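Trainee: structure for this input, please:
(one chain, ligands or ions: 4)
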Amino acid sequence: MRLNGEISSGEDEEEKQTGTTTFSVQKVVVGYALTSKKKKSFLQPSFTALARNKGIYFVAVDLKKPLPEQGPFDIILHKLSGEEWHDIIEDYRQKHPEVTVLDPPDAIQHLHNRQSMLQDVADLNLSDCHGKVAIPRQLVFTKEKDPSSIPYEVTKAGMKLPLVAKPLVVDGTAKSHELFLAYDEFSLSELEPPLVLQEFVNHGGLLFKIYIVGETIKVVRRFSLPNISKRELSKVAGVFRFPRVSCAAASADDADLDPNIAEHPPRPLLEKLARELRHRLGLHLFNIDMIREYGTKDVFYVIDINYFPGYGKMPDYEHVFTDFLLSLMQSKYKKKLTT
Ligand SMILES: O=P(O)(O)O[C@@H]1[C@@H](OP(=O)(O)O)[C@H](OP(=O)(O)O)[C@H](O)[C@H](OP(=O)(O)O)[C@H]1OP(=O)(O)O
Ligand SMILES: Nc1ncnc2c1ncn2[C@@H]1O[C@H](COP(=O)(O)OP(=O)(O)O)[C@@H](O)[C@H]1O
Ligand SMILES: [Mg+2]
Ligand SMILES: [Mg+2]
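Mentor: Ligands and ions are numbered 1, 2, ... in the order given. Model prediction:
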């Protein structure tokens, strides 16, 4: 790949006329291995057209053919589940260091478990960053655990009700997003491990989705679960399944919201958090679900981290992604020059 304005003679190049200057831009070939749902939401015509204009071409990886026989690719984007794909892409990454594989499968896998996904946030110390970021208290129950012991364990750990019950493993299935709210500890024995029990944090019914694409951060607001009052807690018992409120297409960005709840988390805090997580997780593409503890200005909790989320819903994703892909090529080119 060559940068705008550089002299070149390769055949993979296109000539572009801007004003009076003609310069060449080499093609960037991005192979993608995505589900058809993801392909539809991510590779929207507005994005592929903009990318093509900048010399970026998307090519589907053919899962029926060996990966090394395809390409050549400059970059590979992927989000597919299963061990078979994990091994294929890991093997390819090791044998083709010249191809930028976004991202390493082991780093992605770290986010497939709701305990390990939040570990790096728990380890962070973000003091002096205009706010505090923590994770809710949580307990993990593996599949060997007898569900009848859950109420005792929860009480012993001093967990505060209500609790959110989440499947431990996130594998892209609808089942892994089936969440429950538990109002009393006894009903918890109805649930099936493996699961994570997390303290519910009142947050005024609003969630921040922090989208990360390399060094770019974009924040959107989504509706979430409403506060649960002490009164409601004392009157209700049982575990209740709740719908994926935050996934609704309607964003909360245009709603008439209480500014104490809706004000974005401070930028320096998000920048530090995103930088730290990018490095610690070893990932370029993810989003963070973050909530502000109700009644506070600067106490935040990270409750979920998703690999390669629904970027099609991120404002201006077309430009953000095009610039990101080009910046990857630029740093690869600079690295080549210095070695
Ligand atoms: O359905 P989309 O496009 O909104 O994206 C989903 C994400 O929604 P979001 O962008 O955070 O609103 C979604 O985020 P949440 O877990 O709902 O916070 C997941 O990342 C989901 O992937 P998976 O099912 O966990 O593998 C994502 O699903 P895939 O698109 O990867 O299938
Ligand atoms: N600890 C919590 N406190 C308050 N609300 C929560 C908590 N955990 C999850 N939620 C609510 O449940 C939704 C789904 O939980 P999340 O962990 O993001 O799972 P998923 O991976 O299925 O999106 C969140 O978007 C939020 O509305
Ligand atoms: Mg979520
Ligand atoms: Mg998630």
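Trainee: so where do the helices sit in the protein?
Mentor: 36-42, 45-53, 83-95, 105-109, 116-123, 150-156, 230-235, 259-262, 267-281, 317-338 (DSSP state H).
Trainee: out of those, which gets nearest to ligand 2?
Mentor: Comparison of these against ligand 2 by C-beta to the nearest ligand atom identifies helix 116-123 as nearest, at 9.1 Å. C-beta here means a position set from N, CA and C on the backbone, and glycine is covered the same way.
Trainee: about what we covered before: could the helices of the chain go into JSON lines alongside mean pLDDT, mean neighbour count and distance to V28?
Mentor: Formatted as JSON lines, those follow (pLDDT from 0 to 100; neighbours: other C-beta atoms under 10 Å; distance: least, C-beta to C-beta, whole Å):
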{"stretch": "helix 36-42", "mean pLDDT": "97", "mean neighbour count": "14", "distance to V28": "17"}
{"stretch": "helix 45-53", "mean pLDDT": "98", "mean neighbour count": "14", "distance to V28": "8"}
{"stretch": "helix 83-95", "mean pLDDT": "97", "mean neighbour count": "14", "distance to V28": "18"}
{"stretch": "helix 105-109", "mean pLDDT": "98", "mean neighbour count": "16", "distance to V28": "22"}
{"stretch": "helix 116-123", "mean pLDDT": "96", "mean neighbour count": "17", "distance to V28": "31"}
{"stretch": "helix 150-156", "mean pLDDT": "96", "mean neighbour count": "16", "distance to V28": "51"}
{"stretch": "helix 230-235", "mean pLDDT": "96", "mean neighbour count": "10", "distance to V28": "54"}
{"stretch": "helix 259-262", "mean pLDDT": "94", "mean neighbour count": "13", "distance to V28": "38"}
{"stretch": "helix 267-281", "mean pLDDT": "97", "mean neighbour count": "17", "distance to V28": "22"}
{"stretch": "helix 317-338", "mean pLDDT": "92", "mean neighbour count": "16", "distance to V28": "6"}
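Trainee: could I get those as TSV with distance to I210?
Mentor: TSV is the format used below for the helices of the chain (distance: least, C-beta to C-beta, whole Å):
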stretch	distance to I210
helix 36-42	18
helix 45-53	21
helix 83-95	26
helix 105-109	18
helix 116-123	12
helix 150-156	30
helix 230-235	29
helix 259-262	15
helix 267-281	6
helix 317-338	13
